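1. turn this into a model:
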Amino acid sequence: KEGRNRGLMEDVSVLSSKEPFHTDWVTKVGFVSELGLMVSSGLDGVINTAKLAQSGFRKDPPIKLHKKGVHCWCWCGNYKFFASGGLDRQVII
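-> The predicted structure follows:
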């Protein structure tokens, strides 16, 4: 069992940032393949995006639209927009 999992992990590369993406709990992390973006949200009220490439990633400026923590986000590929929900009881599109 252990040998089988070890081979799988050898193929996984880890991308890390010199600075943290969030200053509080992370609530959701996802990948929007259509845009080539990793997206994360957190209780610090921030949505972060990072453009992924073979050589690593480029973190974009944080998106601060909620007054409190961001609980969730989703990407609508049909209409090309993001929506997020926060602890401030707001849904922002």
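
2. so Ser41 sits against Trp25, correct?
-> No: applying C-beta atoms under 8 Å as the test, Ser41 and Trp25 come out as separate, 10.0 Å apart. No exception for glycine: its C-beta is placed from N, CA and C like everyone else's.

3. endpoints of stretch 74-84, how far apart?
-> 6 Å (C-alpha to C-alpha, to the nearest Å).

4. mind listing what's buried in that stretch?
-> Buried residues in stretch 74-84, defined by neighbour count with 16 or more other C-beta atoms under 10 Å: 75, 82, 84.

5. now the helices for this protein?
-> For the chain, helices defined by DSSP state H occupy the ranges 2-10.

6. test my guess that Ile63 contacts Thr49.
-> Yes: look at Ile63 against Thr49 with C-beta under 8 Å: they come within range, at 7.2 Å.

7. stretch 53-62: how far from the chain's middle?
-> Average the C-alpha atoms of stretch 53-62, do the same for its chain, and the two points are 11 Å apart (C-alpha atoms, centre = their mean, to the nearest Å).

8. and that stretch, end to end?
-> Across stretch 53-62, the terminal residues are separated by 19 Å (C-alpha to C-alpha).

9. could you list the buried residues of it?
-> When neighbours are counted by 16+ other C-beta under 10 Å, the buried residues of stretch 53-62 are found to be Phe57.

10. quick one: average pLDDT of that stretch?
-> Per-residue pLDDT values across stretch 53-62 average out to 82.

11. ok, Ser41 and Trp25, which is more surrounded?
-> Between Ser41 and Trp25, counting by other C-beta atoms under 10 Å, Ser41 is the more crowded of the two (26 against 9).

12. thanks a lot, see you next time.
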